[in-house]
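*Asks:* model the structure of this input:
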Amino acid sequence: MKLKLHHINLSTDKVDEMGAFYRDILGLETETQGLPVLEKNKGYSGDVAFVTDGAIQTHLARRDVQAGFKTGNIVNPLERGHIAYRTDDLSTFKAHLEEKGVPYSDWGNAAVAGWHQIFFYDPDGNVIEVHEVGE
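*Replies:* Just a heads-up that it's a prediction; the model follows:
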């Protein structure tokens, strides 16, 4: 089971303004490669701007405090934002969390087509995503 930082997600009510800021002020580029297909009819229908430094993506997602309720999950990754890791073996990682007593919300592919996502909290309440890309 290998984890690699994939993206940082910032929840916002100003997607266009944030996208412009990250491009114009920080010099990030609009991400055009490997963008996820959002599942807008499964619980999260917000807009997202995707920017990158060439290595790590930043997802600037419309805040949705109801997304957890809409999908039946306790952890809501669109309330405050989250950091995300990609793994090559999500089932082993989930077993690891269970062994360590860390509860998680399994979103399956409710938000992104082809990505199996889980979300959990760190000890300070920050949301962490771990996902595996399907075949």
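*Asks:* from Y44, how far off is the nearest residue to N76 once chain neighbours are set aside?
*Replies:* Setting aside the residues directly before and after it, N76 is nearest to G68 in space (CB to CB, 6 or more residues apart in numbering), at 3.3 Å. From N, CA and C alone the C-beta is placed, and that goes for glycine too. Remark: distance between G68 and Y44 (CB to CB, to the nearest Å) = 10 Å.
*Asks:* same check on L26?
*Replies:* 25 Å.
*Asks:* who's more crowded, these two?
*Replies:* Taking neighbours as other CB atoms under 10 Å, L26 and Y44 compare with Y44 leading, 24 against 10.
*Asks:* so the residue nearest to N76 is in which element?
*Replies:* Counting by DSSP states H and E, the element that carries G68 is helix 67-71.
*Asks:* burial count for the residue nearest to V112 when sequence neighbours are not counted?
*Replies:* Closest residue to V112 apart from its sequence neighbours, by CB to CB, 6+ apart: P36 at 4.2 Å. For P36, the neighbour count with other CB under 10 Å is 19.
*Asks:* tell me who's in contact with P36.
*Replies:* Contacts for P36 (CB atoms under 8 Å, 6 or more residues apart in numbering) come out as V112, A113, G114, W115.
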